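Asks: For reference, the sequence and a predicted model appear below.
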Amino acid sequence: MRTLTGEQIEIGMVLPELSISITPTLVVSTAIATMDFTPVHHDVEIARAQGSQDIFLNILTTMGLVERYVTDWAGPEAVIRRINVKLGVPAYAGDLLAFTGAVIARDGDEFTVEVRGKVSLGAHASGSVVLSFPS
Amino acid sequence: MTDLHEMARRQMAMGELRGLPAADPVNEPMIRHWLDAMGDQNPLYLDKGVAPPAMAQVWTMGGVRRDVRDRSPVDDMLAELNAQGYTGVVATNCEQTYHRYARLGDVLTPATRFSGLTGPKTTALGEGYFATWNVIWYDQFDEPVAEMLFRVLKFRPRVKERRVPYPLKPAVNRDTQFFWDGVKLGELRIQSCADCGELRHPPGPICPACRSANRGHIVARGEGTVYSYVVHHNPPVPGRETPFVVAVVELPEGVRIVGNIVDCPVDAVGIGMTVRATFRAMDDELILPMWTPQES
């Protein structure tokens, strides 16, 4: 895996799309890996009783997947400085989470990537990731 | 009643409150499990012995039975919002800043401060307040490693009126499922023989014309004429008001179907009357096809 360098990045550069199947296994395994045992992330009956259509991704996982989306593109040596996410509709088990992104700004050695994560109900997460590259 | 903004000022004035240190230091197994679950193949973390920055919050999460969270200035605020009827909660913003990547062996301790309450505001979910707090994770040398701004909307859930369930449910089985699936879509479906094309209603397993068990259906135009009818006065029927009309409606497609005639005085119903299908919600789940006078 190679890492991009600051010189290779241009404003407007588009990240390759990443679609992730939100399987029940993904919802449950990420909830447990993030130490989040809230029942709506693993117990479908409780989730439905609370008005959700199914179990859904927890926020710590949304943050993790946004990070993964950007580092998949940027490469391992890129340094993530900030992740700001506006949370939208839930990412329910059975849905598809599709990430798109583009480089929108540069400030010194820091680049800002705008990221959108969409599910069938609409925007699940939209926001920005600030990262820097090795020189 | 407690003034929410007054309370918010008090909670903000409390400043930063430290929680308990993480149960485990930053460690390889938890990082590996996290990467595996996320499908993150970035080799950096395990190669260099650092944690993915988005794991910041993971280290100080409570366990299944072990609630390590101390009472923070946030809990009392949320409890008061609950007490005042703002029981719904939905997270709206999560903003994390990473000062450095946590390294294996680091022991993180969270510190939380309440940082703002705005509202009441009208939102799509109902009237609510936005509550914001900040968490800073400090390492064993008291240096900040990561911080987070977290905002939730606490809202008063709109009371959703649930209709009393209609007591009489149709028997839905493999022969009739297609009919009720159609009703939900506003379609009046009539079973057809997939071999000879003969239509039949009510649905059944075998074509009476050619004895084929292959079935299909057509969607009727939803028009018909009253072939026969009765006005039901007695006995009482659960979930219905008497009198009501039960009619046999003849469809131009060639079959007859039983249904109620609605939106029409009972003494105005007559044989030969032209009617059209209408789909009526009997409760939150059941829709029944009925008939209403054809406007002409």
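Replies: Looks like it came in fine. Quick caveat: nothing in here was measured; it's all calculated off a predicted structure.
Asks: Give me the phi and psi angles of the nearest residue in space to residue B:121 that is not next to it in sequence.
Replies: Of all residues not flanking residue B:121 in the chain, residue B:128 sits nearest, at 6.2 Å (C-beta to C-beta, 6 or more residues apart in numbering or on different chains). All C-beta spots, glycine's among them, are computed from the backbone N, C-alpha and C. Backbone torsions for residue B:128, taken as degrees, to the nearest 10, come to phi -160, psi 170.
Asks: so who does residue 78 touch?
Replies: Here I'm looking at chain A. Counting by C-beta atoms under 8 Å, 6 or more residues apart in numbering or on different chains, residue A:78 touches A:3-4, A:70-71, A:131-134.
Asks: The intended chain is chain B.
Replies: By C-beta under 8 Å, 6+ apart, the contact set of residue B:78 is B:89, B:131, B:152, B:154.
Asks: next one: residue B:164
Replies: Neighbouring residues of residue B:164 by C-beta under 8 Å, 6+ apart: residue B:283.
Asks: That one: what secondary structure?
Replies: coil (DSSP: H, G, I helix; E, B strand; the rest coil).
Asks: Roughly how far does it sit from residue B:239?
Replies: 8 Å (C-beta to C-beta, to the nearest Å).
Asks: Residue B:192 now?
Replies: Taking C-beta to C-beta, one finds residue B:192 at 32 Å from residue B:239.
Asks: Show me which of these two is the more surrounded one.
Replies: More crowded of residue B:192 and residue B:239, by other C-beta atoms under 10 Å in any protein chain shown: residue B:192, with 21 against 13.
Asks: my read: residue B:42 touches residue A:76, true?
Replies: Yes: between residue B:42 and residue A:76 there is a contact at 5.0 Å, judged by C-beta atoms under 8 Å.
Asks: list residues touching both of those two?
Replies: Joint contacts of residue B:42 and residue A:76 (C-beta under 8 Å, 6+ apart) are residue A:1.
Asks: The two: which has the busier surroundings?
Replies: residue B:42 (20 against 16).
Asks: residue contacts, that one?
Replies: Applying C-beta under 8 Å, 6+ apart to residue B:42 gives the contacts A:1, A:68, A:71-72, A:76, B:35, B:52.
Asks: now swap in residue B:121 and tell me
Replies: B:127-130.
Asks: which stretch of helix or strand covers it?
Replies: strand B:109-123 (DSSP states H and E).
Asks: Report the buried residues of that strand.
Replies: Residues B:109-115, B:117, B:119, B:123 are the ones in strand B:109-123 that count as buried (16 or more other C-beta atoms under 10 Å in any protein chain shown).
Asks: Also stretch A:64-71?
Replies: Using 16+ other C-beta under 10 Å as the test for burial, stretch A:64-71 gives A:64-71.
Asks: just to revisit the earlier point, now render the contacts of residue B:78 as JSON lines, adding secondary structure, neighbour count and distance to chain A.
Replies: Below are the contacts of residue B:78 laid out as JSON lines (DSSP: H, G, I helix; E, B strand; the rest coil; neighbours: other C-beta atoms under 10 Å in any protein chain shown; distance: C-beta to the nearest C-beta, whole Å):
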{"residue": "B:89", "secondary structure": "strand", "neighbour count": "16", "distance to chain A": "11"}
{"residue": "B:131", "secondary structure": "strand", "neighbour count": "26", "distance to chain A": "14"}
{"residue": "B:152", "secondary structure": "strand", "neighbour count": "22", "distance to chain A": "9"}
{"residue": "B:154", "secondary structure": "strand", "neighbour count": "23", "distance to chain A": "15"}
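Asks: And the residue in the stretch 101-250 of chain B positioned nearest to chain A, which helix or strand is it part of?
Replies: Chain A sits closest to residue B:101 of the stretch 101-250 of chain B, with a gap of 7.7 Å, by C-beta to the nearest C-beta. Counting by DSSP H and E, no helix or strand carries residue B:101.
Asks: Show me what from chain A comes close to chain B.
Replies: Contact residues, chain A versus chain B (C-beta under 8 Å from any C-beta of the partner chain): A:1, A:20, A:26, A:29-30, A:32-37, A:59-68, A:71-72, A:76-77, A:79-87, A:127.
Asks: again, 6 Å this time
Replies: Residues of chain A lying near chain B by C-beta under 6 Å from any C-beta of the partner chain: A:29-30, A:33-35, A:37, A:59-60, A:63-64, A:67-68, A:71, A:76, A:80-87.
Asks: Quick one: the strands in the stretch 51-200 of chain B, in order.
Replies: With strands called from DSSP state E, counting those that start in this stretch, the stretch 51-200 of chain B shows them at B:88-98, B:109-123, B:126-138, B:144-155, B:189-193, B:199-200.
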